[in-house]
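Student: The sequence and its predicted three-dimensional model are supplied below.
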Amino acid sequence: MTRSRVIVIIGIVIGSMATHSRTLQASDALHVQIDALISSHSDFKSPAAITDDASFLRRVSLDLAGTIPAANEVREFLADSAPDKRIKLVDRLLGSPQYARRMQYVFDTLLMERRPNKHVTAEQWQAYLRESFLQNKSWRQLAQELLSADGTEEQTRAAARFLLDRELNVDQVTRDVGRIFLGRDLECAQCHDHPAIDDYLQRHYYGLAAFIKRSYLVQDPKTKKSSIGEKADGDVEFTSVFTSETDQTAPRMLDAPPVIDPPPGEQLYKVKPEKNVRAVPVYSRRLQLAKSLTDDANRAFRENIANRMWALMMGRGLVDPVDMWHAQNPPSHPKLLSLLADSLVEHDYDLRYLLRELALTDTYQRSSRRDALDHGSNADRAIGFSVALLKPLSPEQLALSMMRATGVAEQQLAAAISKQEKTNDPQLALDPIWQEEALNKALASDTKVFVEIFGFEGVQNAAFDASADQALFLRNGALVQRWVTQKNGLSDRLHALDNDAVAEELYVSVFSRLPDADETLFIQEMLDATTDRKADLQQLVWAALVSTEFRFNH
Amino acid sequence: MRRNLDCNGIDHLIARREFLWGSAAGAIGLGTLTSPLNAARLQQQQKRVLQIYLQGGVSQLESWDPKPGTQYGGPFQAIPTSVPGIHISELLPHTASRMHLLSLVRSINSKIGDHRQGMLFMEKGRRAGDYPYFGSVVSKYLAPTDAELPGYIHISKRGIVDSTAAFLGARHAELKLLGDQAPANLVSPKSIDEPADEARQRLRVHFDRRFSQQRSRALTDVYNSSFEQAEKLMKRKAMFEGTVSEQDLDRYGRHDFGRHCILARDLLENGATCVKVTHHGYDTHAENFNFHLEQLGEFDKTFSMLLDDIHDRGMLDSTLVIVYSEMGRTPKINTKYGRDHWGTAWSVAMGGCGIQPAAVIGKTNDEGTEVVEREVDGGHLFHTYLSALGLDSTTDHDVAGKSIPIGDPAAAPIEELLA
């Protein structure tokens, strides 16, 4: 960590002096190397300018802390004249409890795809993920825990949710391990070599399945709790529905050599299979999966997570959709993807390191606006990250940001703090981790309503879409209306201001930026002409909250 | 009509490009596929779908494939229909007299005896995976871009909203109506009158205008159009609020299913593309015969009235009508006079747009315990429905970065059922 910090600092100094034609050095910080690879690509033309401070603050707060900044944070950041204030901001966000919460949401959606909880409670699972990111657990360790926990021990039971809540169904688990950990959707290979995608071969699918096939769920007859048992034998055989050819495979990780079982010793089992008994073999193929998957030899594992983190920050994967890596859909920037993946391994799969470097790139910090926009071109890919892409807010980001903009979050936190101050541990109320937890708890049920309306169960790589019932919810639903009319909330705060001061407070609170002269004038004129000022201010707050500017991270 | 399996090469790319440019029928025999040109034509013709889903698994022996007087036949007789030679259960007298508008498939072997898995197979035409439901596919390819109503509307008494659109996106997901109640949030908040509501919509558009300057509109257009759709639904509020005429109630029946079917008719007449009505209550593990007497009694008259109205208004040629379940029921009658889950040999009915009328496809053996002729499953039916609508189910969904076959490449349409 110390070494990498030094490199980063040197890199920033060099990077700020560098021009794009300069030869890259291996010692350059990752973000400098990233920008060089992006700007030397043939799709990279007429790049957008680096975005202004206000939109950078909003963008990075949403990406790393899961919500828009509070109005006072906007004002402080704009007033700060330190040249390295963006770097400081990124570091502050990455060290905050809000970062762990944001990653909890991101990885919950990534790993479980909003499926209902079955064997592990939502609380246990979320706490496990959040704790993992508070500790900055490496992605390798997290992945190993998810695939090796067997659900028998209370301490590691949450990690077993990945397998338990998929009922350890071989097809489901095989497909999801392929997609989620390797970026490859092998589903069609299940019945036949993928008709359209020739490198998704049946043996990839069945090679993965062979790691899992011997494992099964066992229910304890007394506690009714399910956990994972495994047999010591059983091979995978497959038949193509098209050619009727039959083939057999040992466990294998894509094109890596098969992992042959060790020669059986005298004992096959630590615990023998019996009715209602959880069998434990001496050699476990499932534990071998956790090893083979995360082995340095498996490039797909590191490239997948590097690509997913890139997509999280930049709005589009280098391979996109992120689980559709195949010959007809190669990375747009293969060298860059290799660089990201290898840097991640050098830093022991430290996601915080990777996200920090991504946030410091010019590529991330570009404006989503540019002068010459080709409206005919709809292809994000064609513009080579020369302009920042719009990212729709996740249901959680949208709910939390609306509650922050309207002052609901602030009020709830104040109430929780004042309650805690009356207990015999008033000091606790000062702890940022406690504060984040208390606020999250207070806002949880309203956030859940947004997840139900804007979230969807299943594979998460669909393009952005919006449906009529979502718009009806925003337009006529009681929840948003309650926030807009919140007592002592934003609308009331605006009502207490003079007409010429309303625009600034509204824009800083909702759009996290200062209004320009036209915007200020528009609102002032509107208020000068109003017959029902209070109601009009509420309409204004509503319209800003459901605007496109608010709906997207831009 | 088999999908060309060797479609990775340059031929495919060329065909695909031609497909995109609208000169579709050429190159390598991809058949009558939906070029943008054809899609526009299809939209002009306003093709529609009515799905009646008999939830729980209707018994084929008490409906479309009766076996009276046999070991498992049960107490009901078969009756002749308006088509000479076709007999169906005596529980469906009204439907029987309209048999010339319908066709039957009696040879389904889905191999699934589970409610959810069976339903997913029938809806997606696939046994597994995140594929869109039939209604979402119809919405995607047949709903006009300026449609007055969402493309896929599901009327049901129960409230679980399924994720139906998969990669096709939320615009094509089912809009679930709980019975004939209006969709949630259809009315403005009390404190906001119409002028105020219009004013705040103008403000929303005002904010968007500045934000959209010099930015790509790809995503913001989608978001804005959801508000336009919401607006349209609000304007159609009266249709959901059911000033149903006494005459309609007399004909359709004064029960939930009757009201739901009246709403379905009105929706189809007013520009809906796919309307699904779920009729619950066919999971008859006990008292199969009493329950079918009751349930099908409700279904038979109501469905017949709906079919008449669609026919009389000249919409049947452009409306595909499907009556289906997630599975059938066991021939073997259990000790509680019930029939259990059964995916091995069962039936569906369909008619209207693109379907050859008065046909019977496939056959089960004398006791109804297995399919003996023209075995099909949910994959074939899915292909058949789309083909009937003039869509080529053997082509691909055009989704970024991947080509996804619309129908399962391992199945094909039932050609002899197509008009």
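Tutor: Structure's in. What do you need? Numbers count the residues shown, from 1 in each chain, chains lettered A, B, ... in the order given.
Student: What residues does the stretch 351-500 of chain A have near chain B?
Tutor: A:368-371, A:373, A:375, A:378, A:380, A:387, A:389-390, A:392, A:456-459, A:461-473, A:475-478, A:481, A:485 (CB under 8 Å from any CB of the partner chain). (C-beta placed from N, C-alpha, C; glycine too.)
Student: Can you tell me the closest non-neighbouring residue to residue 91?
Tutor: If you meant another chain, say so; for now it's chain A. A:Arg356 (7.2 Å; CB to CB, 6 or more residues apart in numbering or on different chains).
Student: my question was about chain B
Tutor: B:Leu296 (4.3 Å).
Student: Which secondary structure state does that neighbour sit in?
Tutor: Here B:Leu296 is recorded as helix under DSSP: H, G, I helix; E, B strand; the rest coil.
Student: quick one: contacts for it?
Tutor: B:58, B:62-63, B:89, B:91-92 (CB atoms under 8 Å, 6 or more residues apart in numbering or on different chains).
Student: From the residues you listed, pick the one nearest A:Glu113.
Tutor: Within these, proximity to A:Glu113 (CB to CB) peaks at B:Val58, which comes in at 32.8 Å.
Student: my guess is that closest one meets B:Arg329, correct?
Tutor: Yes - the pair B:Val58 / B:Arg329 is scored as a contact, 7.5 Å apart, by CB atoms under 8 Å.
Student: which of those two has more neighbours?
Tutor: A direct count of neighbours by other CB atoms under 10 Å in any protein chain shown for B:Val58 and B:Arg329 places B:Val58 higher, at 31 against 28.
Student: can you pull the pLDDT of that one?
Tutor: pLDDT recorded at B:Val58 is 98.
Student: For it, identify the helix or strand it belongs to.
Tutor: Element membership for B:Val58, per DSSP states H and E: none, as it lies in no helix or strand.
Student: Likewise for A:Asp500?
Tutor: A:Asp500 belongs to helix A:499-506, assigned by DSSP H and E.
Student: now A:Ser491
Tutor: Assigned by DSSP H and E, A:Ser491 falls in helix A:490-495.
Student: Packing partners of that helix?
Tutor: Judged by 3 or more CB pairs under 8 Å, 6 or more residues apart in numbering or on different chains; DSSP states H and E, helix A:490-495 is in contact with helix A:499-506, helix A:533-545.
Student: Go again with 10 Å.
Tutor: helix A:478-484, helix A:499-506, helix A:533-545 (3 or more CB pairs under 10 Å, 6 or more residues apart in numbering or on different chains; DSSP states H and E).
Student: Other residues contacting it?
Tutor: In this structure, residues lying in contact with helix A:490-495 by CB atoms under 10 Å, 6 or more residues apart in numbering or on different chains are A:71, A:404-408, A:410, A:483-486, A:501-503, A:505-506, A:509-510, A:523, A:527, A:533-542, A:544-545.
Student: Distance check, the residue lying closest to B:Ala147 once chain neighbours are set aside against B:Asn290.
Tutor: For B:Ala147, ignoring the flanking residues on the chain, the nearest one in space by CB to CB, 6+ apart is B:Gly271 at 5.8 Å. Distance, B:Gly271 to B:Asn290, by CB to CB, to the nearest Å: 40 Å.
Student: Could you check which of those two is surrounded by more residues?
Tutor: B:Gly271 (17 against 11).
Student: can you put the contacts of B:Leu296 in a markdown table and add secondary structure?
Tutor: Output for the contacts of B:Leu296, formatted as a markdown table (three-state DSSP):
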| residue | secondary structure |
| --- | --- |
| B:Val58 | coil |
| B:Glu62 | helix |
| B:Ser63 | coil |
| B:Ser89 | strand |
| B:Leu91 | coil |
| B:Leu92 | coil |
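Student: Of those residues, just say which sits nearest to A:Arg175.
Tutor: Closest approach to A:Arg175 among the contacts of B:Leu296 (CB to CB): B:Val58, at 32.3 Å.
Student: pLDDT below threshold where in the chain?
Tutor: You didn't pick a chain, so chain A it is. Within chain A, the stretches with pLDDT under 70 are A:1-26, A:187-200, A:239-246, A:372-382, A:462.
Student: Actually, chain B is the one I wanted.
Tutor: B:1-45, B:159-161, B:242, B:400-402.
Student: What residue spans form the domains of it?
Tutor: B:1-31, B:36-180+B:242-417, B:186-240 (automatic domain parsing).
Student: Which among these is found nearest to A:Leu146?
Tutor: domain B:36-180+B:242-417 (20.8 Å).
Student: okay but B:Met99 is in contact with B:Ile88, surely?
Tutor: Yes - at 7.1 Å, B:Met99 and B:Ile88 qualify as touching, with contact defined as CB atoms under 10 Å.
Student: shared neighbours of the two, anything?
Tutor: With CB under 10 Å, 6+ apart, B:Met99 and B:Ile88 have common neighbours B:80-81, B:349.
Student: Contact partners for the nearest residue to A:Phe552 once chain neighbours are set aside?
Tutor: Here the nearest residue to A:Phe552 in space, its sequence neighbours aside, is A:Leu390; by CB to CB, 6+ apart that works out to 4.3 Å. Contacts for A:Leu390 (CB under 10 Å, 6+ apart) come out as A:315, A:368, A:380, A:464, A:548, A:551-554, B:211, B:215-220, B:223.
Student: next one: A:Arg86
Tutor: Taking CB under 10 Å, 6+ apart, we find A:Arg86 in contact with A:50, A:53, A:56-57, A:60, A:77, A:80, A:359-360, A:365.
Student: Nothing else from me, thank you.
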